[in-house]
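J.: my questions concern the predicted model and sequence given below.
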Amino acid sequence: MKKLVFSAFTIIGCLLFVNAQSISDNAIGLRLGDSDGLGAEISYQRALGDNNRLELDLGWRTGDDFDGFKLTGLYQWVWNIDGGFNWYAGAGGGVGSYDFDAPINDSETFFFIAGDIGIEYDFDIPLLLSLDFRPEISFGDFNDDTNFDIALGIRYQF
């Protein structure tokens with residue numbers, strides 16, 4: 001028990017004294033992952049401070065029998081690892097909608113909460129590459145489960 005308490009205080013102490021790298025004011029690009037069947041998302045990041053930002057992602061898909069969209073908003077904390085490497089964690093949620101055409105005509109709007117953890121590299125040019133893991137818990141009749149999404153992000157910084 002003493003080791004667990006000591007480890008927890010050590011980790012918290014290290015996180016408090018980590019120096020954050022200044023992040024870009026804006027970044028826009030694509031987040032390429034499963035996104036619960038909606039594929040690639042348009043992704044926008046807005047800095048809220050030296051090491052905090054807001055990320056908004058919009059995914060949609062149109063098919064013969066299926067239309068859908070999903071909007072995600074996340075608040076993220078960013079910490080510098082070394083040089084251009086950062087890691088980040090965040091939490092948020094969103095809303096989505098499915099519309100089925102055939103064989104049944106049905107539609108549903110659902111809500112979800114999400115977490116986010118990832119690593120990114122900030123190049124000397126205005127390019128940001130990231131790899132993240134986003135677990136989501138959805139609330140709705142059709143989509144009422146836990147989803148795990150891993151994605152590659154490619155963003156232009158300005």
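T.: Okay, I see it.
J.: which residues sit in contact with the residue nearest the centre of the chain?
T.: Centroid check for the chain by Cα atoms, centre = their mean gives residue 116 as the closest residue, at 5.1 Å. Neighbour list for residue 116: 55, 74, 76, 88, 89, 90, 91, 92, 132, 133, 134 [criterion: Cβ atoms under 8 Å, 6 or more residues apart in numbering]. The way it works is simple: take the backbone N, C-alpha and C, and place the C-beta from them, glycine included.
J.: nearest to residue 155 among those residues?
T.: residue 55 (9.7 Å; Cβ to Cβ).
J.: bridging residues for the closest one?
T.: residue 45, residue 74 (DSSP bridges).
J.: and it, how many neighbours?
T.: 23 (other Cβ atoms under 10 Å).
J.: isn't it up against residue 77?
T.: No - using Cβ atoms under 8 Å, residue 55 is not in contact with residue 77, being 11.5 Å away.
J.: can you pull the residues that touch both of those two?
T.: residue 90.
J.: mind listing the strands for the protein?
T.: In the chain, the segments counted as strands under DSSP state E are 26-33, 41-47, 52-62, 66-82, 85-100, 106-122, 127-139, 146-157.
J.: I'd like the ones you listed as a markdown table, with mean pLDDT appended.
T.: Putting the strands of the chain into a markdown table (pLDDT from 0 to 100) gives the following:
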| stretch | mean pLDDT |
| --- | --- |
| strand 26-33 | 94 |
| strand 41-47 | 96 |
| strand 52-62 | 92 |
| strand 66-82 | 92 |
| strand 85-100 | 92 |
| strand 106-122 | 92 |
| strand 127-139 | 93 |
| strand 146-157 | 92 |
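J.: show me what contacts the nearest residue to residue 41 once chain neighbours are set aside?
T.: Closest residue in space to residue 41, ignoring its immediate chain neighbours: residue 59 at 3.8 Å, by Cβ to Cβ, 6 or more residues apart in numbering. By Cβ under 8 Å, 6+ apart, the contact set of residue 59 is 31, 35, 38, 39, 40, 41, 42, 69, 70, 72.
J.: mind checking the backbone torsions on the fifth one?
T.: When quoted as degrees, to the nearest 10, the phi and psi of residue 40 stand at phi -70, psi 150.
J.: run a quick neighbour tally on it.
T.: 17.
J.: what sits against it?
T.: By Cβ under 8 Å, 6+ apart, residue 40 lies in contact with 30, 31, 32, 33, 59.
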